[in-house]
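> mind looking at a prediction? Sequence and model below.
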Protein chains: 2
Amino acid sequence: MSKSNNVYKDAYNRCLRLLDETRSLPSEPELGALLGVSRTTVRSILARMEETGLIAWNKRAKTVLRDPRSDDFFPEEETDTLAEIIERSFMRRLLAGGAEAGMQINELELAREIGVGTTSVREFLIRFSRFGLIEKRRNSHWVLKGFTRAFALELTEIREMFELRSAAAFTALPQDSPVWGDLDRLEEEHRLLRREIATRFNEFSELDERFHRLIHRASHNRFIVDFYDVIAMIFHYHYQWNKAQERERNEVAIGEHLTYIEALKSRDLGKVDAACRKHLKSARQTLLTSIPESRPSQKS
Amino acid sequence: MSKSNNVYKDAYNRCLRLLDETRSLPSEPELGALLGVSRTTVRSILARMEETGLIAWNKRAKTVLRDPRSDDFFPEEETDTLAEIIERSFMRRLLAGGAEAGMQINELELAREIGVGTTSVREFLIRFSRFGLIEKRRNSHWVLKGFTRAFALELTEIREMFELRSAAAFTALPQDSPVWGDLDRLEEEHRLLRREIATRFNEFSELDERFHRLIHRASHNRFIVDFYDVIAMIFHYHYQWNKAQERERNEVAIGEHLTYIEALKSRDLGKVDAACRKHLKSARQTLLTSIPESRPSQKS
DNA sequence: AAACTGTTTTTTCCCGATAAAAGACATTAA
DNA sequence: TTAATGTCTTTTATCGGGAAAAAACAGTTT
């Protein structure tokens, strides 16, 4: 067993949802493009759909025979990539306490615990290292630096630097740039979400990420754009971790975003700067309050 | 053959150089700390040194019997880590032309060409990806983004942002901080190098890196400090690539560094800002001129 | 009893192998 | 003659295994 077929399973599930909408499926290359997989995988999917009586498949004709039932779907947990599985396990350990800074990370132990090969764990750790939470000792183990107050401050310092610059670049974008349309749509989504905040408040984090990524992209700088991955990762887990006053926090953030959007649309640099600073300051505050204050270290 | 013993060979060579200086070697743990390896490796080294008649080894007594000859050393190329070997091969390909942006990178082919396993190549590519020169397509190959003008501009934009901030932080450091001593020593080295610039101009790049790292460290921000790895990597290969007017360029840079150091010591923020800006501007210029202007693309 | 040496266990690093997935080539239908 | 399908080849993702190196443990020496 060398490679799981999660790509196939995930694409299969997504393809099932497509079945509801049409009477017949498009061509193999088209389906591949739609699902983001190769034709090889598309054909495996079609083969199984034929087998389970979902479609009749003869060359170009792929007729839908029946609606998918819930037991046609592969279980959710089988559709995750190994990287996702490892990241989740790792972050659970990291956030579930008992993860003191300085603690060493054992590849073999992690691999055994998660039930995967060491290679995958190694690759994960290498990829993960750019988030600044772990560090490698030459020819030796990894060291946990910890999700500390210092980390949050360093992270937000860069974030503020980058976002202020991106926001300024944003206002300088020509009127016919498609970003203005994107911004209008995001604004609309914000207004919608605010109206239904009572029930949909947990949808904010996804909207938040799309909004900030749009702004960062205006920098046209790959290092700034890529850095948002670090922020997104931290906030992703932060949102899962810190549920205190989630509704209120998100409501406030939506308001700040709308002010920020207005400022961007006015193209008034002073206003943009102020709105951006204000929002980032409160974002930093929320992040900081969610960090469990570690006992003051006995000595330097 | 699963793992080369380059750690042992490299440490052995370094240990040989130690032999010149003393009549007897220190304890095993001490030697390990000195060479940065474990006791296991130290003992392998001692075992071989005894075998080749370099030392007499009996428990604590490790007496030097003769001076090492040049054929006692392991060949240089056997002391490199796999990661170094792969990086060098990869960068040679990248800089030796024929590496158009958009070209796809084949792990298997790279591994075969360099004569290493695919795992090592994969790990290298993952580590290397943070430099922003390559990018991974999900479930598929890597894509070369190319060492282009755009890359250099994006890199230097961040560099300038980070260094200006670090330099400002530097001036705010208390008088009793050890960095002022470090700075004095670096200044002395600069003066020395300037005096002997005619013969030692190629030693500048190493001094340059130490100087800028010292400044970046003052930011106390891991993301800023880590980003210098990207700059160092690019400049490392840039120095090997672009030898045009190396002496002149380095002489100018030394002058700029000295002004910059004076400014830091004066703790006058305005002066620091000006000196830093001036130096970074000329550094950017040198980098830009070394980039082969690619033919304007036929169409978007 | 502190610091060393001798020995054993564990972990890291790296390869080769294999199934999944992508990609290329050949063939056929509209 | 274009765009699909059918078939074959190559590449990627992942595992298990084994040597190098680190780390832990036990026994000695000063």
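Structure's in. What do you need? Numbering: from 1, shown residues only, chains lettered A, B, ... in the order given.
> for chain A, which spans come out with low pLDDT?
A:293-300 (pLDDT under 70).
> what about the strands in it?
A:55-58, A:61-64, A:104-105, A:134-136, A:142-144 (DSSP state E).
> single out the most deeply packed of those strands.
Mean neighbours per residue, mean count of other Cβ atoms under 10 Å in any protein chain shown, is largest over the strands of chain A for strand A:142-144, with a mean of 17. Bear in mind the C-beta positions are built from the backbone N, C-alpha and C, glycine included.
> distance to DNA strand C added to the strands of chain A, as JSON lines?
Putting the strands of chain A into JSON lines (distance: least, Cβ to the nearest atom of the strand, whole Å) gives the following:
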{"stretch": "strand A:55-58", "distance to DNA strand C": "10"}
{"stretch": "strand A:61-64", "distance to DNA strand C": "8"}
{"stretch": "strand A:104-105", "distance to DNA strand C": "7"}
{"stretch": "strand A:134-136", "distance to DNA strand C": "7"}
{"stretch": "strand A:142-144", "distance to DNA strand C": "7"}
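> wait, which of these is closest to residue B:198?
strand A:134-136 (40.7 Å; Cβ to Cβ).
> do the closest one and DNA strand D meet?
No. Contact of strand A:134-136 with DNA strand D (Cβ under 7 Å from any atom of the strand) is absent, the minimum separation being 11.2 Å.
> show me what that strand is packed up against.
With contacts defined as 3 or more Cβ pairs under 8 Å, 6 or more residues apart in numbering or on different chains; DSSP states H and E, the packing partners of strand A:134-136 are helix A:118-128, strand A:142-144.
> closest one to residue A:162 among the ones you listed?
Once the helices and strands packed on strand A:134-136 are compared by Cβ to Cβ, helix A:118-128 is nearest, at 20.6 Å.
> show me the contacts for residue A:6.
Counting by Cβ atoms under 8 Å, 6 or more residues apart in numbering or on different chains, residue A:6 touches A:78, A:79, A:80, A:81, A:82.
> also residue A:251?
A:194, A:197, A:201.
> which residues of the stretch 101-250 of chain A lie near DNA strand C?
Contact residues (Cβ under 7 Å from any atom of the strand) of the stretch 101-250 of chain A with DNA strand C: A:105, A:106, A:107, A:108, A:109, A:118, A:119, A:122, A:139, A:140, A:141, A:142.
> I'd like the contacts of residue A:251 as JSON lines, with distance to residue B:249 and neighbour count appended.
Converted to JSON lines, the contacts of residue A:251 look like this (distance: Cβ to Cβ, whole Å; neighbours: other Cβ atoms under 10 Å in any protein chain shown):
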{"residue": "A:194", "distance to residue B:249": "57", "neighbour count": "17"}
{"residue": "A:197", "distance to residue B:249": "59", "neighbour count": "16"}
{"residue": "A:201", "distance to residue B:249": "57", "neighbour count": "18"}
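> among the residues you listed, which are in helices?
Counting by DSSP state H, the contacts of residue A:251 place A:194, A:197 in helices.
> so which of the contacts of residue A:251 is the closest to chain B?
Distance to chain B across the contacts of residue A:251 (Cβ to the nearest Cβ) is lowest for residue A:201, with 30.7 Å.
> which ones are touching the nearest residue to the closest one once chain neighbours are set aside?
Nearest residue to residue A:201, sequence neighbours excluded (Cβ to Cβ, 6 or more residues apart in numbering or on different chains): residue A:247, at 4.4 Å. Applying Cβ under 8 Å, 6+ apart to residue A:247 gives the contacts A:197, A:198, A:201.
> out of these, who's nearest DNA strand C?
residue A:201 (35.1 Å; Cβ to the nearest atom of the strand).
> roughly how far does that closest one sit from DNA strand D?
Here residue A:201 is placed at a distance of 34 Å from DNA strand D (Cβ to the nearest atom of the strand, to the nearest Å).
> now residue A:204
31 Å.
> next: residue A:256.
38 Å.
> if you rank the contacts of residue A:6 by neighbours, which is first?
residue A:79 (20 neighbours; other Cβ atoms under 10 Å in any protein chain shown).
> grab the nearest non-local neighbour of that residue.
residue A:10 (3.9 Å).
> was I right about the one you found contacting residue A:77?
No. Judged on Cβ atoms under 8 Å, residue A:10 makes no contact with residue A:77 at a distance of 11.2 Å.
> now the closest residue to residue A:106 other than its chain neighbours: how far from residue B:124?
Nearest residue to residue A:106, sequence neighbours excluded (Cβ to Cβ, 6+ apart): residue A:141, at 6.6 Å. Distance of residue A:141 to residue B:124, given as Cβ to Cβ, to the nearest Å: 20 Å.
> looking at these two, which has the bigger crowd around it?
Neighbour totals were compared for residue A:141 and residue B:124, and residue B:124 leads with 24 against 10 (other Cβ under 10 Å).
> so what's that one up against?
B:83, B:86, B:87, B:90.
> what about the longest helix in chain A?
Assignment by DSSP H gives helix A:149-171 as the longest helix of chain A.
> mind listing what's buried in that one?
A:151-152, A:154-163, A:165-167, A:169-171 (16 or more other Cβ atoms under 10 Å in any protein chain shown).
> repeat that for stretch A:232-250.
So for stretch A:232-250, counting by 16+ other Cβ under 10 Å, buried means A:233, A:234, A:235, A:237, A:238, A:239, A:249, A:250.
> do the same with stretch A:170-180
A:170, A:171, A:173, A:179.
> and if you look at stretch A:103-117?
A:105, A:110, A:111, A:114, A:116.
> which strand residues bridge the first one?
In other words, residue A:105. Here residue A:105 sits in beta bridges with residue A:142, going by DSSP bridges.
> before we move on, the earlier item: turn the strands of chain A into a markdown table, including distance to residue A:38.
Listed next are the strands of chain A as a markdown table, based on distance: least, Cβ to Cβ, whole Å:
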| stretch | distance to residue A:38 |
| --- | --- |
| strand A:55-58 | 18 |
| strand A:61-64 | 17 |
| strand A:104-105 | 35 |
| strand A:134-136 | 34 |
| strand A:142-144 | 34 |
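> the ones you listed: which one's closest to residue B:210?
When the strands of chain A are compared by Cβ to Cβ, strand A:134-136 sits nearest residue B:210, at 20.6 Å.
> for stretch A:274-294, give me every contacting residue.
Against stretch A:274-294 from outside (Cβ under 8 Å, 6+ apart): A:97, A:100-101, A:146-149, A:152-153, A:156, A:159-160, A:163-164, A:167, A:234-235, A:238, A:241-242, A:244, A:249, A:252-253, A:256-257, A:259-260, A:262-263.
> run the last query once more with 7 Å
A:147-149, A:152, A:156, A:159-160, A:163-164, A:167, A:238, A:241-242, A:249, A:252, A:256-257, A:259-260, A:263 (Cβ atoms under 7 Å, 6 or more residues apart in numbering or on different chains).
> farthest pair in the buried residues of stretch A:103-117?
Greatest spacing in the buried residues of stretch A:103-117, by Cβ to Cβ: A:105 and A:116 (14.9 Å).
> ok, the contacts of residue A:6 vs residue B:38, which is closest?
For the contacts of residue A:6, the nearest to residue B:38 is residue A:82 (31.2 Å; Cβ to Cβ).
> hmm, residue A:116 and that closest one touching each other?
Yes. Residue A:82 lies in contact with residue A:116 (Cβ atoms under 7 Å); the separation is 6.1 Å.
> before we move on, the earlier item: intersect the buried residues of stretch A:103-117 with the contacts of DNA strand D.
Counting by Cβ under 7 Å from any atom of the strand, the members of the buried residues of stretch A:103-117 near DNA strand D are residue A:116.
> as CSV, the buried residues of stretch A:103-117 with distance to residue B:218 would be great.
Shown next, in CSV, are those (distance: Cβ to Cβ, whole Å):
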residue, distance to residue B:218
A:105, 29
A:110, 35
A:111, 39
A:114, 40
A:116, 41
